[in-house]
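1. take this sequence and fold it.
(2 chains)
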Protein chains: 2
Amino acid sequence: MKELPENTLNRLIIYLKILESLEKKRVDSISSEDLAKLSGVNSAQLRKDLSYIGTLGTKGVGYTVKALKYNLKKFLGRTEEWNIIVGGLTPLSRYLIEHSQLQKEGFFITAAFDTEPENIGLVVGGVSVYNLDQLSYVCKAIRVDIGIIATDKEQEVYFSAFVKHGIKAILNLSSYPLFPEDETIKVENLSVVHGLTKLSYYLKNLGS
Amino acid sequence: MKELPENTLNRLIIYLKILESLEKKRVDSISSEDLAKLSGVNSAQLRKDLSYIGTLGTKGVGYTVKALKYNLKKFLGRTEEWNIIVGGLTPLSRYLIEHSQLQKEGFFITAAFDTEPENIGLVVGGVSVYNLDQLSYVCKAIRVDIGIIATDKEQEVYFSAFVKHGIKAILNLSSYPLFPEDETIKVENLSVVHGLTKLSYYLKNLGS
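-> Numbers count the residues shown, from 1 in each chain, chains lettered A, B, ... in the order given. This next block holds a predicted model:
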């Protein structure tokens, strides 16, 4: 199996999202040119990317939306359901639990962890808040696939605890980027400040 | 001026964040090896990246934390303050306004926009909510640098309005990726579901 470059992975996820939206609008098929345009790439790039999942469009017809969506979803592990725990009971984790509709996408937040005594035992949007000390207990009771770090205060504490308890996939939403020493652990760093800084760099150079 | 590759830009932003944290911990200087390790890269990569901002470490001493931080900050446009408007009064935009501490980082949310009559005229965390129709009025009254799209419902409506009113930098936090036709407009697509899908792809292939 060819190893998938990260930029290709990013684009495949974008194609999936665009196709989901087309399916909702009851679009049956789409040309590679149109799908490429909606995805911000050219059609040669699109076809090359889709060759990774072994999908070829039919000349003159293009892609069947439903079929390509399903193939992408399967390729990306999104036909499965994933169990998530969240580190830090913060406004951000409350938002993720109560409003972000992750569940609709197959991502189930099953427990939250905190270190402040007054937060332990709370139930937020149906999700129990445990002491971080109880992580090993929870990891034995339920399958945990992904850990989300949703605090800017003790991100390294949650990170170490997640790694120690065998969690292999971590979404770090703190503004401080984290890098695992163990290469079998995958961390995605996702920060609003990071995104805004890319824009501030762009704006600063806009006039020059 | 050499054009900066996006992956290099991403790493420069990471170095800045690491250096800010080192400065808070009152670390005066750091070797390129140690800074590289904290940033998840090797030191050859770090030195190459920093050559874009014209910074060379001193052999045997490494980098002065304060100076390198300042140079990076300036290079990235982060010594300036940026005015932000938010599209959509949602739990996510409320979180950004009330809890995300963007202001500390120099990003000031100055107005919010919505299309629901019951939200117009509200004041959330000191920020007024305007009807999207009033965008041209607000854009005349204040300088708007960045537009954030913080809704999953009418993202394209806010996107078109932002573009139409000359906003050149857009952070799209909806789960639907947006791509401008006009190449002078920069859009950053940042989605939790996208990040989680990168992890689901990783987990799906972990066993194989």
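
2. what about the closest residue to A:L203 other than its chain neighbours, distance to B:F107?
-> For A:L203, ignoring the flanking residues on the chain, the nearest one in space by CB to CB, 6 or more residues apart in numbering or on different chains is B:A169 at 5.3 Å. C-beta here means a position set from N, CA and C on the backbone, and glycine is covered the same way. Distance of B:A169 to B:F107, computed by CB to CB, to the nearest Å: 11 Å.

3. wait, does the longest strand along chain A contact chain B?
-> Counting residues, the longest strand found in chain A (DSSP state E) is strand A:107-114. Yes: remark: strand A:107-114 sits within contact range of chain B at A:F107, by CB under 8 Å from any CB of the partner chain.

4. nearest spatial neighbour of A:I185, skipping sequence neighbours?
-> A:K168 (5.6 Å).

5. quick check: the residue nearest to A:L203 touching A:K204?
-> No: B:A169 is beyond contact range of A:K204, at 10.2 Å (criterion: CB atoms under 8 Å).

6. of the two, who's got more company?
-> More neighbours surround B:A169 than the other of B:A169 and A:K204, with 24 against 17 (other CB atoms under 10 Å in any protein chain shown).

7. and the more buried one, what are its bridge partners?
-> B:I146, B:K186 (DSSP bridges).

8. next up, the contacts around it.
-> A:L199, A:S200, A:Y202, A:L203, B:D145, B:I146, B:G147, B:I185, B:K186 (CB atoms under 8 Å, 6 or more residues apart in numbering or on different chains).

9. and with 7 Å instead?
-> A:L199, A:Y202, A:L203, B:D145, B:I146, B:K186 (CB atoms under 7 Å, 6 or more residues apart in numbering or on different chains).

10. need the pLDDT of the second one.
-> What that stands for is A:Y202. The confidence metric pLDDT takes the value 97 at A:Y202.

11. that's a helix at it, yeah?
-> Yes: the assignment for A:Y202 is a helix, going by DSSP: H, G, I helix; E, B strand; the rest coil.

12. low-confidence stretches in chain A?
-> A:1-2, A:56-59, A:208 (pLDDT under 70).

13. tell me, what residue is most central in it?
-> The centre of chain A sits closest to A:L171, judged by CA atoms, centre = their mean, with a distance of 7.2 Å.

14. one step back: didn't the residue nearest to A:I185 look like it was pressed against B:L206?
-> Yes: look at A:K168 against B:L206 with CB atoms under 7 Å: they come within range, at 6.3 Å.

15. quick one, which of the two is more surrounded?
-> Counted by other CB under 10 Å, A:K168 and B:L206 do not tie: A:K168 has more neighbours, with 20 against 13.

16. so what's that one up against?
-> Counted by CB under 7 Å, 6+ apart, A:K168 has contacts A:T184, A:I185, A:K186, B:L203, B:L206.

17. PyMOL command to pick out the buried ones of these?
-> This is the PyMOL syntax for the buried subset of the contacts of A:K168, where burial follows 16 or more other CB atoms under 10 Å in any protein chain shown:
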select buried, (chain A and resi 185+186) or (chain B and resi 203)
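
18. ok, for A:W82, nearest residue in space, not its chain neighbours?
-> A:D145 (4.4 Å).

19. which ones are touching that neighbour?
-> A:W82, A:N83, A:I84, A:A169, B:L203.

20. tell me the spacing between it and B:I85.
-> 37 Å.

21. over to A:E23?
-> 32 Å.

22. helices or strands up against the helix ranked longest in chain A?
-> Using DSSP state H to define each element, chain A has its longest helix at helix A:6-24. If you count contacts as 3 or more CB pairs under 7 Å, 6 or more residues apart in numbering or on different chains; DSSP states H and E, helix A:6-24 packs onto helix A:32-38, helix A:43-51, helix A:65-75, helix B:192-206.

23. all good on my end, thank you.
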